[in-house]
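Visitor: Sharing a sequence plus its predicted fold:
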Amino acid sequence: MIEARDIHKSFGSLEVLKGVTISVPHAAVTSIVGPSGAGKTTLLQIIGTLSRPDRGSVIFDGNDILGMSDSRLSQFRNTNIGFVFQTHRLLPEFTLAENVAMPALIAGMSHSEAMQRANDLLHRLGLRNRSSHRPAQLSGGECQRGAVARALINDPAVILADEPSGSLDSVNRRELHRLFFDLRDSAGATFLIVTHDEHLAADSDHIITMADGRII
């Protein structure tokens with residue numbers, strides 16, 4: 001589904017990625033593991049078009065998406081890629097359903113349709129009775145599941161997650177991991193996950209190990 005080819009990225013004199021090439025298969029959970037400073041998050045940001053490489057290409061269904069203008073790339077990102085970060089990043093002044101609906105509203109979906117889809121997703125993820133609550137009224141695990149619902153709202157081709165369970169306790173961590181694999185099985189979801197969690201990596205369909213800016 002997605003290929004990153006010969007990705008190079010430096011910040012000043014520090015070369016973070018040194019010619020990285022990976023493929024992300026469809027309907028699978030792929031984990032990127034390795035020590036801190038290996039370049040995992042930088043690679044994820046480039047694949048997610050949040051950052052541009054110094055050299056290299058990102059191929060999405062046969063098209064080099066980094067050739068797009070910033071405005072087109074922003075539209076592409078919103079409709080094709082879902083993001084889950086270590087912290088949920090839900091906006092505190094909005095309800096959970098409103099937070100989940102936002103990417104759909106940005107994409108041009110009507111308010112009623114976006115809210116209906118948000119509530120359907122929250123129901124599916126076990127948050128049916130929490131949709132009208134604000135983030136401060138929810139547990140960390142509920143907020144992170146809400147963040148997954150937000151990532152799914154536009155039916156993205158791939159979900160990119162950066163240490164998605166890093167801030168959760170062991171119970172909520174297991175529930176979130178189970179959710180990823182349930183979505184893979186029931187909806188054919190594609191995940192690319194940067195993680196230090198050995199259990200999540202061990203359960204993944206594919207493991208990519210990085211060190212010193214390279215795939216090892």
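Guide: Structure's in. What do you need? In this text, all values refer to a predicted model and were calculated from it rather than measured experimentally.
Visitor: from here on, contacts and neighbour counts on C-alpha atoms
Guide: OK.
Visitor: Regarding the most centrally placed residue in the chain, what are the backbone dihedral angles?
Guide: Centroid-nearest residue in the chain, with C-alpha atoms, centre = their mean: L160, separated by 2.3 Å. Here is the backbone geometry of L160 (degrees, to the nearest 10): phi -100, psi 130.
Visitor: any idea how far it is from S170?
Guide: Separation of L160 from S170 (C-alpha to C-alpha, to the nearest Å): 21 Å.
Visitor: Which parts of this protein are helices?
Guide: 40-47, 70-80, 96-106, 111-124, 140-152, 170-187, 198-203 (DSSP state H).
Visitor: for these, which one sits closest to D212?
Guide: Ranking these by proximity to D212 (C-alpha to C-alpha) places helix 40-47 first, at 9.7 Å.
Visitor: For that closest one, what is the distance to the chain centroid?
Guide: 11 Å (C-alpha atoms, centre = their mean, to the nearest Å).
Visitor: Contact partners for I208?
Guide: 30-33, 215-216 (C-alpha atoms under 8 Å, 6 or more residues apart in numbering).
Visitor: Separate out the buried members of those residues.
Guide: 30-33, 215 (16 or more other C-alpha atoms under 10 Å).
Visitor: Please convert those residues to CSV, extending it with pLDDT.
Guide: As requested, the buried ones among the contacts of I208 are arranged in CSV below (pLDDT from 0 to 100):
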residue, pLDDT
T30, 97
S31, 97
I32, 97
V33, 97
I215, 96
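Visitor: For R214, see how far away the residue nearest to G56 when sequence neighbours are not counted is.
Guide: Nearest residue to G56, sequence neighbours excluded (C-alpha to C-alpha, 6 or more residues apart in numbering): I7, at 4.4 Å. Distance from I7 to R214, counting by C-alpha to C-alpha: 10 Å.
Visitor: now do D54
Guide: From D54 across to R214, the span is 15 Å (C-alpha to C-alpha).
Visitor: Of the two, which one has the most company?
Guide: R214 (18 against 12; other C-alpha atoms under 10 Å).
Visitor: for that one, what are its contacts?
Guide: Applying C-alpha under 8 Å, 6+ apart to R214 gives the contacts 17-20, 38-39.
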